[in-house]
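Peer 1: Mind looking at a prediction? Sequence and model below.
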Amino acid sequence: MYLDFFKLDEPPFREGCDQRFFYPSRPHAEALDRMLYAVRQASGMALLTGRAGAGKTVLAGMLPARLHGKARVLVIRRPPGTAKQLWRAVAEGFGLAVPRGATTTAIIGLLRDRLPSLAQGTPAVVVIDEIEAMPDAVLAEVRHMWNWQAEGRPVLRIILIGRPEVCRRLHSPRLEALRQRVGMGHRLGLMGRSDTAVYVLHRRKAACADGSPLLFTFGALKEIHAATGGVPRLINVLCSRAMDIAYALGVCKISSRIITAALRDAVRRYRNAPAPARLTFQDS
């Protein structure tokens, strides 16, 4: 089998937010530090943007552990389509029992009454992912959450996460009030060549407690960065396919030639079209 051949405990390049596989590259460490600062200072909502596959959702998953239990963190991964869905997601996410037929006003009232006592002096943090998929009317509701105050401080710390194009929407008149409440904005950068190499090797090591014969040559690591531009999701896709090819060939060393073959296959899968000899793998 695949894992037995490489002597791995689990696939090293699968998607997910497993903390063991998180590598704090320079751009990811900086973004996480800014999110932590926003929670602790509560000087305004925080907005984290980044291209698809850059690792925004992974950072959201890392936030609770980095706060070491000093905050209650709710991560909303499925963007709500209506205001009622948003308020219900927040209420139920913090453990409140919301009656099935409750109105939006009733849910808001329940949150106002119960949330301060539930927090018990610790910050309550709401992280909303993929906000680019939320209608303007639902995004506008978020500012009402920020307006709740207790002892001069917001009851909820709010972190918004989305793709860079959402910034243009926030400058529209309809969302002006929300944008004014954003105290910190940060764009998540991509990994450089060195970070990309360490990322690949870190995930390989995390997937095996006793060591693995799986190797990536220097040329392969260079090709991985050139093909993916340092986008974690694309790195995972490319490395997974490279391991499939290496397994089929019966080798444990992944060379630049295997990466080139994996790249061609990945492009075919993503674009359903024949690939020329040399391509840059871009996210679709």
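Peer 2: Ah, there it is. Residues are numbered from 1 along each chain as shown.
Peer 1: how's the protein carved up into domains?
Peer 2: Domain assignment of the chain by automatic domain parsing yields the ranges 2-16+192-271, 26-187.
Peer 1: Take these and write them to CSV, including mean neighbour count.
Peer 2: Every residue, glycine included, has its C-beta placed from N, CA and C. What follows is those, written out as CSV (neighbours: other CB atoms under 10 Å):
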stretch, mean neighbour count
domain 2-16+192-271, 18
domain 26-187, 17
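Peer 1: Return the distance of the closest residue to Thr103 other than its chain neighbours relative to Gln149.
Peer 2: In space, Thr103 comes closest to Lys84 once its chain neighbours are excluded; the distance is 7.7 Å by CB to CB, 6 or more residues apart in numbering. Applying CB to CB, to the nearest Å, the value for Lys84 to Gln149 is 24 Å.
Peer 1: re the thing from before, if you average the pLDDT over the helix or strand hosting the residue nearest to Thr103, what comes out?
Peer 2: Assigned by DSSP states H and E, Lys84 falls within helix 83-93. Average pLDDT, helix 83-93: 95.
Peer 1: Remind me what that helix packs against, helices and strands.
Peer 2: Here helix 83-93 touches strand 72-76, helix 104-119, helix 136-147, going by 3 or more CB pairs under 8 Å, 6 or more residues apart in numbering; DSSP states H and E.
Peer 1: looking at this structure, which helix or strand does the model trust least?
Peer 2: Counting by mean pLDDT, DSSP states H and E, the weakest-scoring helix or strand in the chain turns out to be strand 149-150, with a mean of 74.
Peer 1: and it, which strands flank it?
Peer 2: Note on strand 149-150: by DSSP bridges, its sheet partners are strand 153-154 (antiparallel).
Peer 1: what's the spacing between the strand it pairs with and its chain's center?
Peer 2: When distances are taken as CA atoms, centre = their mean, to the nearest Å, strand 153-154 is centred 26 Å away from the chain's centroid.
Peer 1: Then stretch 244-258?
Peer 2: Here the centre of stretch 244-258 is set off from its chain's centre by 30 Å, with CA atoms, centre = their mean.
Peer 1: Kindly report the same for stretch 60-74.
Peer 2: On the basis of CA atoms, centre = their mean, stretch 60-74 sits 14 Å off its chain's mean C-alpha point.
Peer 1: which residues does Leu110 contact?
Peer 2: 91, 96, 98, 102 (CB atoms under 8 Å, 6 or more residues apart in numbering).
Peer 1: now, among those residues, which is nearest to Cys167?
Peer 2: Using CB to CB, Ala91 comes nearest to Cys167 of those, at 28.7 Å.
Peer 1: what's the spacing between the closest one and Arg114?
Peer 2: Ala91 is 8 Å from Arg114, by CB to CB.
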